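1. following is a predicted model, sequence given first.
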Amino acid sequence: MIRKGAALAGLVLMSPVIAQPVMVESGRVHLRGQLVNGGCAVATESQDLRVLMGQYRTNAFTGPGSFSPVSVPFSLRLISCSAEVWRHVGIAFAGVTPAEDPHVFLASGEGIGNAGIGLALFDDQQRQIIPNTLPLHYTPILTSEMTLHFTARYRAISENMTPGRIHSEVWFTLVYP
C-alpha cells in the first residue's frame with residue numbers, strides 16, 4: 001500500500017513538470033505579399049500553362065533568323081475583369097534570351113544549354129512580342145472574362161542546331177497602362 005501511495009504521489013508531483021511545454025525561440029517567418037488593384041485575374045488553368053511545340057527537323061530551318069514552319073497557338077484566360085478599375089490590359093512576357101538573338105526566348109536542350117534555336121511569341125495579329133519589354137499593344141476590357149490568343153514558333157539563332165528535347169521558360173505579367 002505504501003508503494004502505491006508513493007508512486008501516486010510521485011506522479012502527482014511530476015505532473016506539472018511534464019505538462020509544462022518548453023519554448024525556445026528558434027527563428028522567424030517573414031511573410032510578404034502584395035495588394036494590387038488589377039483589372040483582371042488570371043484563370044487557374046492559365047497560371048501554369050504547358051504548350052507542346054511539336055517536333056521539327058533541323059533542315060526545316062534555312063539559317064539564322066528562319067522560323068519553324070508551324071505556329072503553335074495558345075491562350076491565356078483572364079477572369080473577374082473590371083473596366084471600372086482599368087480600361088485596357090496587356091501582357092508582358094519575360095525570360096532568358098540567347099546572346100545571339102535578344103528578340104526570342106532561350107530554347108535549352110537537355111544537358112546542352114543553348115540548342116541553336118530560340119522561341120518567338122506572337123500576339124493575335126501575328127506581331128512578334130519582344131521578350132522583357134512592356135507590351136506594345138493593349139486589349140480593351142469589355143467583359144468580365146476574356147481570352148487573349150498568342151502563337152509560338154521556333155526561330156534559328158545559329159547555323160549549328162543540336163537535336164534533342166528542348167524547353168523554354170517564359171513568365172507573363174498583366175500590365176495596365
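-> It's in.

2. which element follows the lowest-mean-pLDDT helix or strand in the chain toward the C-terminus?
-> Lowest mean confidence among the helices and strands of the chain (mean pLDDT, DSSP states H and E): helix 2-19, at a mean of 53. Remark: after helix 2-19, the chain's next helix or strand is strand 41-42, criterion DSSP states H and E.

3. what residues are up against the residue most central in space within the chain?
-> The geometric centre of the chain, computed from its C-alpha atoms, lies nearest to Trp171 (Cα atoms, centre = their mean), at 4.2 Å. Trp171 makes contact with 93-95 under the criterion Cβ atoms under 8 Å, 6 or more residues apart in numbering. C-beta coordinates here come from the backbone N, C-alpha and C atoms, glycine included.

4. for Leu76, same thing?
-> 42, 46, 49, 91, 147-148, 150, 172.

5. which of those are buried?
-> In the contacts of Leu76, burial by neighbour count holds for 42, 46, 91, 148, 150, 172, counting by 16 or more other Cβ atoms under 10 Å.

6. which residue, other than its chain neighbours, is closest to the first one?
-> Spelled out, that is Val42. Leu78 (6.2 Å; Cβ to Cβ, 6 or more residues apart in numbering).
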